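In: give me the fold of what follows.
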Amino acid sequence: MTDTTIIPRQDEASFGDFFALLKPRVMSLVVFTAAAGLFVAPVSVHPVLAFASILFIAIGAGASGALNMWWDADIDAVMRRTSGRPVPGGRVTAEDARNLGLALSGLSVVMLYLAANLVAAALLAFTIFFYAVIYTIWLKRATPQNIVIGGAAGAFPPMIGWAVATGGVSVESVLMFALIFMWTPPHFWALALFMNEDYTKAGVPMLTVTHGRRKTRNQILAYTVLLAAIAIGIGFSGIGGPVYLVAALGLNAQFAIRAWMLWRRDEAAADADGYRAEKRFFGLSLSYLFLHFLALMAEAGLDRLGITLVEGW
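Out: Below is the predicted model:
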């Protein structure tokens, strides 16, 4: 008897599908913060070497994204936000995503070593390993602290950029790391508040799933307070200054007010308006990080031009 089993057809992958594996939105944030770290460093880098270094950091970030999509294909398939990605969508095989991620990982690390230095390359290698293995393979499915600990992976890029220029790590680069590290939990927990059904269905132990939305709101407020202390404190460091401090004070006041508003909300009110306040907080968190690093770059630019806005700063 003829076998009439229907096998789902896999659509032919396009260049856009393989590029999507690299998580270009995440890559753009990595590129920007790494470039900021390089730009604010006290050592100048030749423009060609700076461009090449940022390119290889971007490739490393893309490699992490591809490895994440390989491992998380089963989770992505059941979440509305991710079901259309190339692997669960059937346009790219999980094996191809894995192989692309591994190949780009090796390429990016070796090329960054050749273009910059060993410290920068080692930090990039550790970042890829941390995101792909520590966060994606282990923490994401094991603990509600997945975002807290795993957030370190997204915090390394400015340290890598700084290392490209200086060949090392300093207090200033650690402060930039800390800014992103403390920003990550409230950023992702705000997302989890209005995407909780997806995480529940996928079995991902986000804080909203394991401890509920009330506990998550408490944690968002607590981390926002700690984040504000770090963000404002950077204004008094070697990479800070009056421009950055004014920006940090304004941004953190707004961020804290929004976090307080989220903390006060009950779930009935949030559900009634479609979690609009949570979505606005999530959107604000994106501009929050961008504007902080933009202000740091503005301070560095003024310093290079010899412009002093406040005497003795």
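In: which stretches of the stretch 101-250 of the chain have low pLDDT?
Out: Within the stretch 101-250 of the chain, no stretch has pLDDT under 70.
In: all helices of it, in order?
Out: With DSSP state H, counting those that start in this stretch as the criterion, the stretch 101-250 of the chain has helices at 118-129, 140-142, 146-150, 152-155, 157-166, 171-194, 196-202, 207-210, 212-234, 242-264.
In: so residue 248 sits against residue 295, correct?
Out: Yes: applying CB atoms under 8 Å, one finds residue 248 in contact with residue 295, separated by 7.0 Å. Glycine gets a C-beta too; all of them are placed from N, C-alpha and C.
In: outline the domain layout of the protein.
Out: Domains of the chain are assigned by automatic domain parsing as 15-168, 170-308.
In: winner for burial among those domains?
Out: By mean neighbour count, with neighbours taken as mean count of other CB atoms under 10 Å, domain 15-168 ranks first of the domains of the chain at a mean of 20.
In: from the opening residue of that domain to its closing one, how far?
Out: Start and end residues of domain 15-168 are separated by 37 Å (CA to CA, to the nearest Å).
In: scan the chain for its longest helix.
Out: When the chain is parsed with DSSP state H, its longest helix is helix 276-304.
In: run through the neighbouring helices and strands of that one.
Out: Helices and strands touching helix 276-304, by 3 or more CB pairs under 8 Å, 6 or more residues apart in numbering; DSSP states H and E, are helix 24-40, helix 171-194, helix 212-234, helix 242-264.
In: quick check: angle from the longest one to helix 157-166?
Out: Angle of helix 171-194 versus helix 157-166, following axes from the mean of the first three to the mean of the last three CA atoms, to 10 degrees, is 160 degrees.
In: before we move on, what about the shortest one?
Out: Between the direction of helix 24-40 and that of helix 157-166, the angle (the same axes, to 10 degrees) works out to 40 degrees.
In: now do the last one
Out: Our comparison of helix 242-264 with helix 157-166, counting by the same axes, to 10 degrees, yields an angle of 160 degrees.
In: against which helices or strands is helix 242-264 packed?
Out: Contact here means 3+ CB pairs under 8 Å, 6+ apart; on that basis helix 242-264 packs against helix 171-194, helix 212-234, helix 276-304.
In: do the third one as well
Out: Helix 212-234 sits against helix 171-194, helix 207-210, helix 242-264, helix 267-272, helix 276-304, with contacts defined as 3+ CB pairs under 8 Å, 6+ apart.
In: and stretch 217-230, how far out from the chain's middle?
Out: For stretch 217-230, the separation from the chain centroid amounts to 17 Å (computed by CA atoms, centre = their mean, to the nearest Å).
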